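Peer 1: Starting from these lines, generate the structure:
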Amino acid sequence: MSRADVRAETEGAAPGRGGTRSPSPLWSLGLLRSELLTTFRRWRTLALLAVLAAVPVLVGIAVRIETGDGSSLGGGGGGGDGPAFISQISNNGLFLVFTALAATLPFFLPMAVGVVAGDAIAGEASAGTLRYLLVAPAGRTRLLLTKYATVIAFCLAATLVVAVSALAVGALLFPVGDLITISGTRIGYAEGLGRALLIALVVAASLVGVAALGLFVSTLTGSGIAAMATTVGLLITVQILDQIPQLDALQPYFFSHYWLSFADLMREPVYWDDLVKNLGLQALYAAAFGSAAWARFTTRDITA
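Peer 2: As a prediction, the model looks like this:
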């Protein structure tokens, strides 16, 4: 559905008293549906999802080639270089899901989310459709919430694309079955699948802070490219700062600091401390930058 379709929907809202249009809940769901269709039909979005789906394929093929002679990755010690769990992929293809998420979370996943979030408002402004949308009865708050919900949906979709691609490639290239947790205990394949799904949901939730940050940046400019570049630049900057030892006192407050805590879901019993810190930190960033985006968007002059 194009932005013209969104315009058509907005024109279909019934006017209220004094000529003021009052949106119904069904109209709001229609706006969300239009935003979701518009976002997921863009070639840029499809290209981002294709790149994310290709990462597990490349990792799986690389591990298969490396272990083709029957040797274990990393010399069989389980401590080879690379993303978490990579040394265990050859023993159980399900570990490719955990490895792919660990490989994409530091940069690829948040970059994709940053691109979509940065374009949410600024893209409408640069295309000249934002002012038209605000003539409709959506209101600025409702429109902003719809945009954020769409970005959150993309976070979930992008994470699931990585997980499903890794699951398929892992099953094709490697044996599957019971797996050994980080704690050394054995769990069944069905339970392993359940933990893989839970890990994917935690990874998606880990991106809500980046989504709110990107949305806030998107309200500051009328250029979609500038908003996307700024969001990705901030993401890279925070990642670099999180690796500087002299900043260890500040690092627990960086939105990326606890991203890889999802590995604790592969312990028996599960170690929840860092997981809870991560989810709490993402909620804090979402609230802070979401409020900032709302304050900016509801008070700025819309000229495009």
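Peer 1: Break down the stretch 201-304 of the chain into its helices, ranges please.
Peer 2: Ranges of helices within the stretch 201-304 of the chain are 208-218, 224-241, 273-297, based on DSSP state H, counting those that start in this stretch.
Peer 1: Of these, which is nearest Ser183?
Peer 2: Checking the helices of the stretch 201-304 of the chain against Ser183 by C-beta to C-beta gives helix 273-297 as the closest, at 15.1 Å. Bear in mind the C-beta positions are built from the backbone N, C-alpha and C, glycine included.
Peer 1: For that closest one, what is the distance to the chain centroid?
Peer 2: Helix 273-297 has its average C-alpha position 14 Å from the chain's average C-alpha position, going by C-alpha atoms, centre = their mean, to the nearest Å.
Peer 1: That helix vs helix 208-218, what angle?
Peer 2: Helix 273-297 runs at 20 degrees relative to helix 208-218, counting by axes from the mean of the first three to the mean of the last three C-alpha atoms, to 10 degrees.
Peer 1: average pLDDT across helix 273-297?
Peer 2: For helix 273-297, the mean per-residue pLDDT is 95.
Peer 1: Can you tell me which helices and strands it packs against?
Peer 2: The contact analysis (3 or more C-beta pairs under 8 Å, 6 or more residues apart in numbering; DSSP states H and E) places helix 273-297 against helix 139-173, helix 189-205, helix 208-218.
Peer 1: Most tightly packed of these?
Peer 2: helix 208-218 (a mean of 28; mean count of other C-beta atoms under 10 Å).
Peer 1: Now tabulate the helices and strands packed on helix 273-297 in JSON lines and tack on distance to His257 and mean pLDDT.
Peer 2: JSON lines is the format used below for the helices and strands packed on helix 273-297 (distance: least, C-beta to C-beta, whole Å; pLDDT from 0 to 100):
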{"stretch": "helix 139-173", "distance to His257": "18", "mean pLDDT": "93"}
{"stretch": "helix 189-205", "distance to His257": "15", "mean pLDDT": "94"}
{"stretch": "helix 208-218", "distance to His257": "11", "mean pLDDT": "95"}
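Peer 1: Out of the helices of the stretch 201-304 of the chain, the one nearest Arg131 is which?
Peer 2: Closest to Arg131 of those, according to C-beta to C-beta: helix 273-297, at 12.8 Å.
Peer 1: for the closest one, which positions count as buried?
Peer 2: 274-275, 278-279, 281-282, 285-286, 289-290, 292-294, 296-297 (16 or more other C-beta atoms under 10 Å).
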